[in-house]
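S.K.: Show me the folded form of this:
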Amino acid sequence: QVHLVESGGGLVQPGGSLILSCTASKSAYDVIGWFRQASGKEREGVSCISSPADATWFTNSVKDRFSISRDSTKNTVYLHLNNLKPEDTGIYYCVAGDRSVVCAYSRDFSTWGQGTQVTVSS
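M.R.: Residues are numbered from 1 along each chain as shown. Down below sits the predicted model:
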């Protein structure tokens, strides 16, 4: 079982940037992704990255603003959030799954981190 720990959330003004980190307890994963959930809304897939191919996926609303990368030596995946908007506010969860997952489907991911809050507000 992989354990995931997120960090890097916080309060940022519109147009600002954050970097979220997700560190896995071991390297035994095929896909690491991020979901987010705003208050009163359903959980939404944001991005994911595969190992070792580094194939990536982004939901349409963040494609031109977010990027994802990984450091295999640290078992860590980074989600770079740029040009943040108030609608990006929510709890961001790191997830891990095998290569059969569809990145947008939360039910495909068996391992979840505890979440980190991102608030975009002036």
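
S.K.: check contacts around the most centrally placed residue in the chain.
M.R.: The chain has residue 34 as the residue nearest its centroid, 2.4 Å off, counting by C-alpha atoms, centre = their mean. When contacts are counted by C-beta atoms under 8 Å, 6 or more residues apart in numbering, residue 34 touches 20, 22, 45-48, 68, 79, 92-95. No exception for glycine: its C-beta is placed from N, CA and C like everyone else's.

S.K.: And for residue 18?
M.R.: Residue 18 sits next to 8-10, 12, 81, 84, 118 when contact means C-beta under 8 Å, 6+ apart.

S.K.: now that we have those, which one has the most neighbours?
M.R.: Neighbour counts for the contacts of residue 18 peak at residue 81, which has 25 neighbours (criterion: other C-beta atoms under 10 Å).

S.K.: Distance check, the nearest residue to that residue once chain neighbours are set aside against residue 11.
M.R.: Spatially, and ignoring its direct neighbours in sequence, residue 81 is nearest to residue 18 (4.6 Å; C-beta to C-beta, 6 or more residues apart in numbering). The gap separating residue 18 from residue 11 is 9 Å, by C-beta to C-beta, to the nearest Å.

S.K.: and residue 74, how many neighbours?
M.R.: Around residue 74 there are 12 other residues, counting by other C-beta under 10 Å.
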